[in-house]
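[1] Sharing a sequence plus its predicted fold:
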Amino acid sequence: MDKPKQSAEVSSPPGIDFRREPDFLVRYANNAYFETTSWDLKIVFGQTDLVAGNNVVVQHTAITLPWTYVKIVAYLLQTQLAAREAEDGHIPVPKNIVREPPKELSKEFAGKLKHPKEGIEAIRKLWQEFVAANPELKP
């Protein structure tokens, strides 16, 4: 069996002593559900369970992150992905897994945002960059 590959190394603050609590768990997830507040983002992780039925996801872990750390984690995840693809080549994304965002927001949702036009434009731009980086998603 192959040894798991190590994460890409990035500069980390010196002097950090990482320790794990006695009840530390390692879990697998192939599904993430997002819940947001003004203060933070909760990511609820789960795994599909075909034995339980089609489209059944058993959720097992939730982690809540403040928005500043969400931004940092997004960057760190991108560095890990870039390093992995530099090592193994492009990681394809199956079609129909990630949906294209709407052209415009619903009036109900847009009414809750301070800057709905800028928000949907930013989301559409991210989608275009995502598709450009994953040509297998192009129609």
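    Great, that's in hand. Numbers count the residues shown, from 1 in each chain.
[2] wait, what's in contact with P135?
    Applying C-beta atoms under 8 Å, 6 or more residues apart in numbering to P135 gives no contacts. From N, CA and C alone the C-beta is placed, and that goes for glycine too.
[3] what about it, distance to V93?
    Remark: distance between P135 and V93 (C-beta to C-beta, to the nearest Å) = 10 Å.
[4] So what's the residue count around the nearest residue to T36 once chain neighbours are set aside?
    Of all residues not flanking T36 in the chain, K42 sits nearest, at 7.5 Å (C-beta to C-beta, 6 or more residues apart in numbering). By other C-beta atoms under 10 Å, the residues close to K42 number 13.
[5] Now do K42, the pLDDT please.
    Note on K42: pLDDT of 98.
[6] quick one, phi psi at it?
    phi -100, psi 130 (degrees, to the nearest 10).
[7] That one against E35, yeah?
    Yes. Counting by C-beta atoms under 8 Å, E35 is a contact partner of K42 at 4.2 Å.
[8] helix, strand or coil for P14?
    At P14 the chain is in coil, as set by DSSP: H, G, I helix; E, B strand; the rest coil.
[9] which helices and strands does the lowest-mean-pLDDT helix or strand in the chain pack with?
    When each helix and strand of the chain is scored by mean pLDDT, DSSP states H and E, helix 107-110 comes last, with a mean of 79. If contacts are counted by 3 or more C-beta pairs under 8 Å, 6 or more residues apart in numbering; DSSP states H and E, helix 107-110 sits against helix 116-133.
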